[in-house]
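1. this one's sequence-less:
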């Protein structure tokens, strides 16, 4: 991973940066590589289309806090101590809710890492950061792989007892989502019995990311017996695992790397950085993430179960059918 190192010696002034950004000529861009953390954070502030005025002011205060620590705080110093320091500052002095403070930390760190990997540039209009030109890996599980995951005995691994229990919860959560719910993890982790009140044959809830309502009648379940067994194992529509998504993805990879067979097959990821094409080869188990469940639910329902795209669209809460079509993995071995 390419790290972003600071090069400026003077203290970063946000107001001067904003004036400079507005006065730049049309074809100028701001390259985030080689910039200080404060400059990257200010670029993030400028490039966020949907950031509210209140959050914009809060982000300005965070940048000023970074200046009080070190005017040229390098991005590779985002260690546990710094995260705790910034977290406490946001909660105690800015009166952020703890969940909001964690979200800001994740956004800031993710943005810095992304800009370092891709050499991101802010456009001359200062309203967006262009995405790198590459086709992201789209992966879903086959029906056989879902069955393999379900019948895998986690006790055969060499992990500690508490780790095995966590892996079982993660496995069951992934399967419930892949064969029955088809939700984003942000919505799945919020799903509880209240969403089923008056609708025992399905659930209805607002999606955190889009604000759109999703209504799933649970009439498109891939493996009904498997799904019913999981529902019986966790009564009252309990979601087995509700931890942080990064931990969830990590545990999911730990499970799948023990399955071998098709999970050891190589997936190829190609993307463009500048004028060069980079190629990454990874085993399937290493490509596993929470979103594979959503993509699996859509792909298998349309290609294998022969359900209509519009039905899948409503079940997963997409606004447009074209969005649902984009989730279909036509290379599915089923």
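-> Received the coordinates, thanks. Since the structure is predicted, the reported quantities are computational estimates derived from the model, not experimental observations.

2. Next up, the contacts around residue 160.
-> By C-beta atoms under 8 Å, 6 or more residues apart in numbering, no residues touch residue 160. Every C-beta, even on glycine, is put in place using the N, C-alpha and C of the backbone.

3. Just the pLDDT for it.
-> Per-residue confidence at residue 160 stands at 94 (pLDDT).

4. Tell me how far it lies from residue 166.
-> Here residue 160 is placed at a distance of 10 Å from residue 166 (C-beta to C-beta, to the nearest Å).

5. With residue 254 instead?
-> Residue 254 sits 9 Å away from residue 166, going by C-beta to C-beta.

6. again, but for residue 96
-> For residue 96 relative to residue 166 (C-beta to C-beta), the value is 29 Å.

7. and if you look at residue 189?
-> For residue 189, the distance to residue 166 - C-beta to C-beta - is 15 Å.

8. what do you get for residue 221?
-> 25 Å.

9. is residue 204 in a bridge, and if so with what?
-> residue 215 (DSSP bridges).

10. What is the neighbour count of it?
-> The tally of other residues near residue 204 (other C-beta atoms under 10 Å) stands at 15.

11. I figured it hits residue 213, correct?
-> Yes - Residue 204 is within contact range of residue 213, at 6.5 Å (criterion: C-beta atoms under 8 Å).

12. Contacts only, for the closest residue to residue 156 other than its chain neighbours.
-> Leaving aside its chain neighbours, residue 156 sits nearest to residue 258 (7.7 Å; criterion: C-beta to C-beta, 6 or more residues apart in numbering). Applying C-beta under 8 Å, 6+ apart to residue 258 gives the contacts 152, 156, 157.

13. By neighbours, which of those wins?
-> With neighbours taken as other C-beta under 10 Å, the top of the contacts of residue 258 is residue 152, carrying 17 neighbours.

14. Quick check on that residue: phi, psi?
-> phi -70, psi 130 (degrees, to the nearest 10).

15. And for the spatially closest residue to it that is not a sequence neighbour, the neighbour number?
-> Excluding the flanking residues, the one nearest residue 152 by C-beta to C-beta, 6+ apart is residue 259, at 6.0 Å. Residues near residue 259, counting by other C-beta under 10 Å, number 15.

16. Over to residue 220?
-> 21.

17. And the pLDDT at the residue nearest to residue 156?
-> Looking at residue 258, its pLDDT is 94.

18. for residue 151, same thing?
-> Value listed for residue 151 in the pLDDT field: 95.

19. What about it, how many residues nearby?
-> Residue 151 is flanked by 8 other residues according to other C-beta under 10 Å.

20. about what we covered before: using the three-state scheme, assign the residue nearest to residue 156.
-> Of the three states, residue 258 takes coil according to DSSP: H, G, I helix; E, B strand; the rest coil.

21. For residue 164, see how far away it is.
-> Per C-beta to C-beta, residue 258 is found 11 Å from residue 164.

22. Touching both of the two, which residues are there?
-> The contact lists of residue 258 and residue 164 share residue 157, where a contact means C-beta under 8 Å, 6+ apart.

23. can you pull out the strands in the stretch 51-200 of the chain?
-> Using DSSP state E, counting those that start in this stretch, the strands found in the stretch 51-200 of the chain span residues 121-122.

24. List the residue ranges of it that fall below the pLDDT cut-off.
-> The stretch 51-200 of the chain contains residues with pLDDT under 70 at 51-83, 94, 107-137, 198-200.

25. Helices of that one, start to end?
-> For the stretch 51-200 of the chain, the helices defined by DSSP state H, counting those that start in this stretch occupy 53-69, 80-92, 98-118, 143-151, 161-176, 185-188.

26. Would you mind confirming that residue 314 makes contact with residue 213?
-> No - judged on C-beta under 8 Å, residue 314 makes no contact with residue 213 at a distance of 9.9 Å.

27. out of these two, which sits in the busier spot?
-> residue 314 (18 against 11).

28. secondary structure element for the more buried one?
-> In the assignment (DSSP states H and E), residue 314 maps to helix 309-316.

29. can I see the domain layout of the protein?
-> 14-122, 143-325 (automatic domain parsing).

30. Give me the neighbour count for the nearest residue to residue 313 once chain neighbours are set aside.
-> Using C-beta to C-beta, 6+ apart and skipping residues adjacent in sequence, the residue nearest residue 313 is residue 324, 4.4 Å away. Neighbours of residue 324 under the rule other C-beta under 10 Å: 22.
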